[in-house]
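Enquirer: Next one to model:
(4 chains)
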There are 4 protein chains.
Amino acid sequence: MKQQTKQLWGAAFSQTPSEAVISFAAGRDVAPIPASDTKLIPYDIWLNEAHCLMLAKQGIIPVTDAKKILKGLSEIEKLASAGKFILDPKKEDVHTNIESWLTKKYGIEAAGKLHTARSRNDQVVTDVRMYLRDQVLAFIDGTTQLAIALLSQAKKHEGTVMPGFTHHQHAMVTTYGHMLTAFAAMMVRDAKRFSLWFDLHNSSPLGSSTSYGTLFPLDRAYSAKLLGFDGAQVNSLDPVTNRWEPEADLAYAIVILMNHLSLMAQTLILLSTPEFGMTTVADQFSTGSSVMPQKKNPDPLEVIKGKAAYAQGTLTGLLGIGKSNFIGYNRDSQWTKYMVMDVISECILAPVVMKGVIESLTVNKEVMLAWSKKGFIGATSLMEQITGVFGLPMRKAKVIIEKGVKYSKGHEIVTFEALQQALTEENITIAITASDVAAWQDPERIIGLTKVFGGPGIQAGEKAVRILSKDLKDLTAWSTKMQHALHLAHEATIHAISKLISGGK
Amino acid sequence: MKQQTKQLWGAAFSQTPSEAVISFAAGRDVAPIPASDTKLIPYDIWLNEAHCLMLAKQGIIPVTDAKKILKGLSEIEKLASAGKFILDPKKEDVHTNIESWLTKKYGIEAAGKLHTARSRNDQVVTDVRMYLRDQVLAFIDGTTQLAIALLSQAKKHEGTVMPGFTHHQHAMVTTYGHMLTAFAAMMVRDAKRFSLWFDLHNSSPLGSSTSYGTLFPLDRAYSAKLLGFDGAQVNSLDPVTNRWEPEADLAYAIVILMNHLSLMAQTLILLSTPEFGMTTVADQFSTGSSVMPQKKNPDPLEVIKGKAAYAQGTLTGLLGIGKSNFIGYNRDSQWTKYMVMDVISECILAPVVMKGVIESLTVNKEVMLAWSKKGFIGATSLMEQITGVFGLPMRKAKVIIEKGVKYSKGHEIVTFEALQQALTEENITIAITASDVAAWQDPERIIGLTKVFGGPGIQAGEKAVRILSKDLKDLTAWSTKMQHALHLAHEATIHAISKLISGGK
Amino acid sequence: MKQQTKQLWGAAFSQTPSEAVISFAAGRDVAPIPASDTKLIPYDIWLNEAHCLMLAKQGIIPVTDAKKILKGLSEIEKLASAGKFILDPKKEDVHTNIESWLTKKYGIEAAGKLHTARSRNDQVVTDVRMYLRDQVLAFIDGTTQLAIALLSQAKKHEGTVMPGFTHHQHAMVTTYGHMLTAFAAMMVRDAKRFSLWFDLHNSSPLGSSTSYGTLFPLDRAYSAKLLGFDGAQVNSLDPVTNRWEPEADLAYAIVILMNHLSLMAQTLILLSTPEFGMTTVADQFSTGSSVMPQKKNPDPLEVIKGKAAYAQGTLTGLLGIGKSNFIGYNRDSQWTKYMVMDVISECILAPVVMKGVIESLTVNKEVMLAWSKKGFIGATSLMEQITGVFGLPMRKAKVIIEKGVKYSKGHEIVTFEALQQALTEENITIAITASDVAAWQDPERIIGLTKVFGGPGIQAGEKAVRILSKDLKDLTAWSTKMQHALHLAHEATIHAISKLISGGK
Amino acid sequence: MKQQTKQLWGAAFSQTPSEAVISFAAGRDVAPIPASDTKLIPYDIWLNEAHCLMLAKQGIIPVTDAKKILKGLSEIEKLASAGKFILDPKKEDVHTNIESWLTKKYGIEAAGKLHTARSRNDQVVTDVRMYLRDQVLAFIDGTTQLAIALLSQAKKHEGTVMPGFTHHQHAMVTTYGHMLTAFAAMMVRDAKRFSLWFDLHNSSPLGSSTSYGTLFPLDRAYSAKLLGFDGAQVNSLDPVTNRWEPEADLAYAIVILMNHLSLMAQTLILLSTPEFGMTTVADQFSTGSSVMPQKKNPDPLEVIKGKAAYAQGTLTGLLGIGKSNFIGYNRDSQWTKYMVMDVISECILAPVVMKGVIESLTVNKEVMLAWSKKGFIGATSLMEQITGVFGLPMRKAKVIIEKGVKYSKGHEIVTFEALQQALTEENITIAITASDVAAWQDPERIIGLTKVFGGPGIQAGEKAVRILSKDLKDLTAWSTKMQHALHLAHEATIHAISKLISGGK
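Expert: Below you'll find the predicted structure:
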């Protein structure tokens, strides 16, 4: 989209940011948003084809007219593929543009029959649903790709010890791989959530007309099949009235995805500060300053956070449109089209960008390890060992270690002497040695001792990667199957057109 | 909850509002919201039992101590069932209350071992998830019950002709049954959406501890099974960090449900105005005024709308808490507990109230029919008949009928004369008679001619009811199975306790 | 913007919708959103001029260089006015475009000094603030114009009796003028709310640079004055960190305005249904259907409602961006620019459209009057008269009239007989006559008797119009003064440039 | 509220958290939310008094009855002050409770006249407005107190050098005092924003009755004056219809305040991590862990962030209730009462807590200073010095310093050698010395050289403190005056009652 971008910064960088990142992060300062119906052109063509085939099959319009219409639609499809079907702003929308083109070319006697037994209401609802369906699959694709990248890095870093945080404070020892696996688990759930959209909305509104059906003997199941839907919707008032719900369901799934990505973003931003110094964001995912010569800013990560807020706003808007309506179509809902298209455009690249950030990130293992020895981070593990080895009630062991921490002021781990003092005060005698005390607070040793499923231990980590990889395989298989099914449906439509056009009658 | 409520109005009513409706609509003017953890008591007991059983099974704590703890928990369970386990506000939360009770009764040597290998973080996350799970099932119950009631009324009114609206204006003829079936279709989808929560969240966080696992050899699969989960969560950082996501997923499903109910509410409010007069809300779902003697207000329906907005606000809050966090637990997320509990309390009765409104509603058929003959509501059907019978392009027929409407000013249907004038102007000759013109605009005749799947025709309506009833049967079966599975899991926990306590060791 | 739009409907209309309405209601189906920085061009030029003048005045850059820069800026200003300064998408933003143009024309030795002692951060924050300031004034303009139109209609309809509603039910008698005056009062408050933006945000961020000031001896008060600000902001970290707050404050005022407009919209939509029939929306504010020949839909009013929801979403997004940040600029906030610009573009015409709707609306007085005699709408006034004339406690009178309503079933007003029965039952004897009972429920008589300030009586209505007209005069005067002050500041900048360029040095 | 709280942690702490903090941060785990109308008792009494005085003054009810009612209200006032007027949940709300009490004590002949010429609608709207008014003043109080504390600390730390951040990265040098002054500037603006509520909403709805006035000759100006309002609202439909707007306006101001506090919270949380180590949160504003012995968590700061999200959700709910309504009261709006009361309760202590955190915070100056010498943080100042001293165009100087940074890899500041290499490459000769290069990057020297208004320099800082202190003085004076005015109005009501009761008649 943007080429040879010239920025006023960059000399301190060894690698220029990739075009994809710039496109994601650049925003709309110098870039317009195209007219929304350009996105609907292919869907409206397909819908028109399916509707026309059905009308002809049912004898609602003469085959001779249907042939002309379908021929015209094929021509438009070719033009559109070549980027040459440009929407005329004087004609209200994509529907009017297509019908006008057909009318101009083939006359009102033929083209004037295309809109039989339908309404713009069911047309746009169906178009948007087909568009959304493709976007759902694209989000699944981006999300699963990111998950795969996360798991690949997780495996590589299954033994990379780092501090585990709660409340932004050192909690217990963990591994960088453990954290990445957590991120991957979120992505798997997000991909699953996207896929559930199909359970709710892959049915065809076409034939609902204004909401109240039609006198013509439509075969809605046939057109639904041609369009790759599971079937026709069971009530014609439902889809037209709820022209915000499939939109909201997708927007909601995007919001959750963006929240998860914003978590990753904020975490990496912090780990990449000079103070944390645990990771370094690659140059190609950084930008500079218009004035400060030394700056490398993790802009793409910040943009993800900003867009997460934006996505939440979009959801609020969509849900607000769906509240307290009177039955039947109301124009309020037209704005759902722009909202959902915008949020998709803004967010579709987010998992792709995050994948790039993760894969190119420098992990400063020695810094991570050094911090893993500080701030009494091993205290909980020490407490657990004391509990487990000497059979103390956990509540007693906790009091002892709390005191141990208190008496070790000035140190980074609980000292043997402090522990002794605590034990004495609590009247507890256990055969613990100075080397136990040190060893049980050693981060790598702790990781070695951690076996619990879901935890940061090596075997547990590998098991988690295996399980999540299996889930991803299933999700990817489902997504591929679904994409293929849609492709086949389109092929079948094209085939039916050829057959009709070349047919005798 | 509220008994013998005395209002300052009501003499004009023949039936007093039911207690359930008052409870839903009364609000919090004179009613407090109880402490949130009272809702978690049964879940925290169950969790403690499962955790303790697992600790004993794995040899992490001695069986003798486990017996004492489990005995104590059984005692608490009995107290709680009798409403006698009252939370002491001096003890931070339900967890502290239970552990303190156990410690007081059985001493720190035993009770002090209960909290081994876990953290309040995984405890509360697990408790809330168990609580949410039950609420999901309750919402499915309310939603499917409402759908059944809607379909029952729809069947009864399959031939009750009424105006179909778009833009609040008369669009085409429909039936009251068709509208109710649309509502039912929404409820079926909503019930389905609730059920998908299980696909994403019915796995156990227990054993995640602080997020970073534990050195103890937990059997997380065992405790997960005892608690009725599908298994243990695959990464321990994930559930603790995302302590807003199962909450948001449920809140979102509630928002969509409330939006649909607000649509029904607003529609019935309008149809019940003196001006529309098509329906009458029953006295038991109406309230009066403190000053106006004649008023019967559809308050419960308005309350549904207000709560729909409230639910959207809750969702905004939950999603905001989930944005741009740093990895690991942060206290921000505690407020998700209150938010999700409040939105559940406010909305759980909404489908029940709507069911009552629908079932007790008076449908003024003659008013509906009278309005179905006005405002050129049959014009589209007339156009379709002309198109179908005489083979005119729909676009031409539309221009003719538009003119027909224009020339019929002062009438409520297109007149034969007006149509003739339009046909003459457009140079079209068709063999249409005056009686055709009238008949094709007759509402009952139109419904009789409408056969399309999903539409308001009688057969289509019956088919829709059959399909949706089948969906409801499946959903109800699933929900019953799930409730049973949870019940069995709890039974198994109780059984395991008995076995352990009575066991030799 | 759009000319000769061709729709597929309209033959039933006697007047075509005005271009302004189409532009407001058309949406983005076939219309792109231009690059955002095109809106900032005039502001960035002005800012550059002021900054450069200040740098020269303070001796920070040589006057000779300043002259070149200012000459260049004047040239750009001319190009921009003629629509010929087109942003090059290869140059990141408006700032880079302008500086590049200057550098190309006047060389880096001069143009390279323009960015001295500032950052893009304070530049964009200042630009946007100047842009927002103008939008605030534009909204005040639209809002006060609408209020004036409402008051003008209110005066005309001070005696047009109509039903007053609560809960969508007939409550008491009112006038159409009373309702319009309520709308006007909201508009006055909204205009006031817009004006308060100036109290909080009309101060200059310029000179904050990256947030941490600069070593150069800037005269921030001077550049602030040139740009029409009340002064320079007192802390340089504040505006850069809060690059969402002036945006949110304006968006919030828009949300409230849109809520009020959505109230008017929904009210008029309902009053214009065939069932209510009390008002008729003019053809130029209606649209047709692609299929139903008879339809006239109040689309612009529905669009207002849709955009009200959209505006709320935008506010959610802006506020989300402002939560839980770390001090200093973060890129997240860049998206506030697009959000606030979009919501302004979508909503700025809303009061204009509403003004047109109100002014062209047909008020069906006889329908209003007829409904004002139905549904016991005079019962409360009857009760008040009985209370007042006969000195009964209001609570007793209410019981009597409630019974009166009950016993008048089948009638539209409380009958004398029913009242007598109620009085007898309550053991109350008052000297009321049958003609009193009828008269005290007569709508026109009721309005005649209503004198209270704020109410629907004629004198009260006229007083309200006078008070609100006075408020509007004050608001308009303030707005005009402010616009003039900004104009003068710009003039002063231009003058200072001429003086410098023509100056000796 | 909570006493002797027992937690399961705390031995590692030297100071226990203050009760106020616990109350703010504890949440609702073991604490109920009281019935909402308990908050309205004093306002409803006052309103009843004013209404009754006005009715008597106007001769609408007999003075003898008014005396009884007022006597009863005085008795209720005494009971309420002593906490002994408990709302009976069997009586719908506070209004019914008070009227029932009066009726029981003084009979329906007297008490039954109190509700003359009003409705619960205007009663509750007025009550809530009076309640909100007091809350606005309380928020101004909390906000200005916090600002004063911030400025006091800012003065103390005017020379405490620390890194200034953008994008979470080191940007330029600043001072801790500069940052605190930024926070104070936000608080001043927030206090101002709260005060603007009075500009929009301090007018009396009382006398609007159901929205449509009354036949009785009310003196609304008189009752408005008694209640401390600026006057009576000019249209009776406006306040009842917009029963969400004063609520939303306050909630919005709270949201902005909470956003600012969440910024402070997040900033302090980060600065207090072991990695940053620049500040330490005091023990009394920290909590421990149920399992990790070493933890000190900045919980109150996190709670502020959580509540900021919660507040945003509340605003969304309130605004949603205000959208697309039909004119007149609708019950939907009752929920605004609970929403606004809850958000006030949750947030009112937030500035108090932040004040405590700031005042007790340990500022680790040496750590701040050490980090101020790292990461090329002085590069921008060096560039500015080169630009200023040697007259280079800023753009050229920037390229040189960018290269200087690049060639200084491995160092923390730009080295003399690296700079030389950069200058050579760019063919620029300037008489810069090695000691200049070092000095111009020295943080304390930089602060010394920074004079610009609004920046981190000492004099600029002191000037900012002076200006903001002046603003605070004005705000506090206004708030005190307003509180006094309300107090006087209440006194005047009491006085009028005494006079009436003791009066001859």
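Enquirer: And the helices in the stretch 51-200 of chain A?
Expert: A:63-81, A:94-111, A:120-156, A:176-201 (DSSP state H, counting those that start in this stretch).
Enquirer: Quick one: residues contacting the residue nearest to A:Phe139 when sequence neighbours are not counted.
Expert: Nearest non-adjacent residue to A:Phe139, counting by C-beta to C-beta, 6 or more residues apart in numbering or on different chains: A:Phe194, 5.0 Å away. Glycine gets a C-beta too; all of them are placed from N, C-alpha and C. Taking C-beta atoms under 8 Å, 6 or more residues apart in numbering or on different chains, we find A:Phe194 in contact with A:Val136, A:Phe139, A:Ile140, A:Thr143, A:Leu250, A:Ala253, A:Leu257.
Enquirer: Just give the number of residues close to A:Lys104.
Expert: 11 (other C-beta atoms under 10 Å in any protein chain shown).
Enquirer: ok, now A:Ser36?
Expert: With other C-beta under 10 Å as criterion, A:Ser36 counts 24.
Enquirer: what sits against it?
Expert: Contacts for A:Ser36 (C-beta under 8 Å, 6+ apart) come out as A:Lys337, A:Tyr338, A:Met341, C:Gly27, C:Arg28, C:Asp29.
Enquirer: Counting only helices, which of those residues make the cut?
Expert: Those of these mapping onto helices are A:Lys337, A:Tyr338, A:Met341, per DSSP state H.
Enquirer: and of those, the nearest to A:Val21?
Expert: When the ones in helices among the contacts of A:Ser36 are compared for distance to A:Val21 (C-beta to C-beta), A:Met341 wins out at 22.0 Å.
Enquirer: where's the closest one relative to A:Leu250, distance?
Expert: Noted for A:Met341: a distance of 11 Å to A:Leu250, by C-beta to C-beta, to the nearest Å.
Enquirer: roughly how far apart are the residue nearest to A:Phe139 and chain D?
Expert: Distance from A:Phe194 to chain D, counting by C-beta to the nearest C-beta, to the nearest Å: 24 Å.
Enquirer: Residue of the stretch 51-200 of chain A nearest chain D, please.
Expert: Taking C-beta to the nearest C-beta, chain D has its nearest neighbour within the stretch 51-200 of chain A at A:His167, 3.8 Å off.
Enquirer: how far away is the closest residue to that residue other than its chain neighbours from chain C?
Expert: Sequence neighbours aside, D:Asn297 is the residue nearest to A:His167 in space, at 3.8 Å (criterion: C-beta to C-beta, 6+ apart). Per C-beta to the nearest C-beta, D:Asn297 is found 16 Å from chain C.
Enquirer: Okay, and the beta partners of D:Asn297?
Expert: Under the criterion DSSP bridges, D:Asn297 forms beta bridges with D:Thr287.
Enquirer: Count the residues that sit near it.
Expert: A count of nearby residues for D:Asn297, using other C-beta under 10 Å, gives 24.
Enquirer: Does it touch D:Ser286 like I think?
Expert: Yes: here D:Asn297 reaches D:Ser286: they are 5.9 Å apart, a contact under C-beta atoms under 8 Å.
Enquirer: if you average pLDDT over stretch A:227-235, what comes out?
Expert: Averaging pLDDT along stretch A:227-235 gives 98.
Enquirer: how about the biggest helix by length in chain A against chain B, any contact?
Expert: In chain A, taking DSSP H as the definition, the longest helix is helix A:458-502. Yes: using C-beta under 8 Å from any C-beta of the partner chain, helix A:458-502 reaches chain B at A:Ala460, A:Ala464, A:Ile467, A:Leu468.
Enquirer: Kindly present these as JSON lines, with separate columns for neighbour count.
Expert: As requested, the residues of helix A:458-502 next to chain B are arranged in JSON lines below (neighbours: other C-beta atoms under 10 Å in any protein chain shown):
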{"residue": "A:Ala460", "neighbour count": "22"}
{"residue": "A:Ala464", "neighbour count": "28"}
{"residue": "A:Ile467", "neighbour count": "17"}
{"residue": "A:Leu468", "neighbour count": "22"}
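Enquirer: and which of those is nearest chain D?
Expert: Checking those against chain D with C-beta to the nearest C-beta, the nearest one is A:Ala460 at 19.2 Å.
Enquirer: For the residue nearest to that closest one when sequence neighbours are not counted, which three-state class applies?
Expert: Of all residues not flanking A:Ala460 in the chain, A:Phe453 sits nearest, at 5.6 Å (C-beta to C-beta, 6+ apart). In three-state terms, and counting by DSSP: H, G, I helix; E, B strand; the rest coil, A:Phe453 is coil.
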